[in-house]
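*Asks:* take a look and give me a structure for this.
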Amino acid sequence: MAAVSIALYQVIAKLRTKVEGVASRVEPLIDTVRKLADEECAENLGHCFSARERSLKTPKIFQMWAREQAHRFAELGRDIADRSKAQIARVDTVVDHTVAQVQGVGIGVRQAVMKPVREASGLVAGIKAGGEKYIRDRARPTWIIYAG
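*Replies:* Numbers count the residues shown, from 1 in each chain. Next comes the predicted model:
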């Protein structure tokens, strides 16, 4: 989730930079539209808004456009978050499955290695016991007779 949050933050930061870039490019266009509207109003005084009315409406129009863009970016962010969650769930499932397989292989390898080790250990213990018995029997004097 932390990686998704960081990725989402980076996407939003890039979008913010783009929106700020668009805003800086739109402002000169707004000034140009105002100048053109002033020229048009000078020719047709009865059909145009006053410069004051236009200056009051332009920020509202821009705010509406900015809100619409913000909603689109929010929807995009939610979509990215939903898709990221689904991908993280898939990756988590794959990782769990892989860990289970690795553990199974580890158990199999351990059993395959330990069986011959236990057999060899048993063989060595038998040889040792036989050798000790042989040495004890040879070290015992033969003239002592045991009363049984």
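*Asks:* what's the single longest helix in the protein?
*Replies:* helix 51-139 (DSSP state H).
*Asks:* give me the neighbour count for residue 24.
*Replies:* Per other Cβ atoms under 10 Å, the neighbour tally for residue 24 reads 9. C-beta here means a position set from N, CA and C on the backbone, and glycine is covered the same way.
*Asks:* taking the mean pLDDT, what do you get for whichever strand or helix holds it?
*Replies:* Using DSSP states H and E, residue 24 maps to helix 2-43. Average pLDDT, helix 2-43: 72.
*Asks:* distance from the chain centre to that helix, please.
*Replies:* On the basis of Cα atoms, centre = their mean, to the nearest Å, helix 2-43 sits 31 Å off its chain's mean C-alpha point.
*Asks:* what packs against it?
*Replies:* If you count contacts as 3 or more Cβ pairs under 8 Å, 6 or more residues apart in numbering; DSSP states H and E, helix 2-43 packs onto helix 51-139.
*Asks:* could you check the angle the helix it packs on makes with helix 2-43?
*Replies:* Angle between the axes of helix 51-139 and helix 2-43 is 170 degrees (criterion: axes from the mean of the first three to the mean of the last three Cα atoms, to 10 degrees).
*Asks:* how far does helix 51-139 sit from its chain's centre?
*Replies:* 11 Å.
*Asks:* report the separation between residue 100 and residue 85.
*Replies:* According to Cβ to Cβ, to the nearest Å, residue 100 stands 23 Å off from residue 85.
*Asks:* oops, could you answer that again for residue 120 instead?
*Replies:* The gap separating residue 120 from residue 85 is 53 Å, by Cβ to Cβ.
*Asks:* do the same with residue 96
*Replies:* Distance from residue 96 to residue 85, by Cβ to Cβ: 16 Å.
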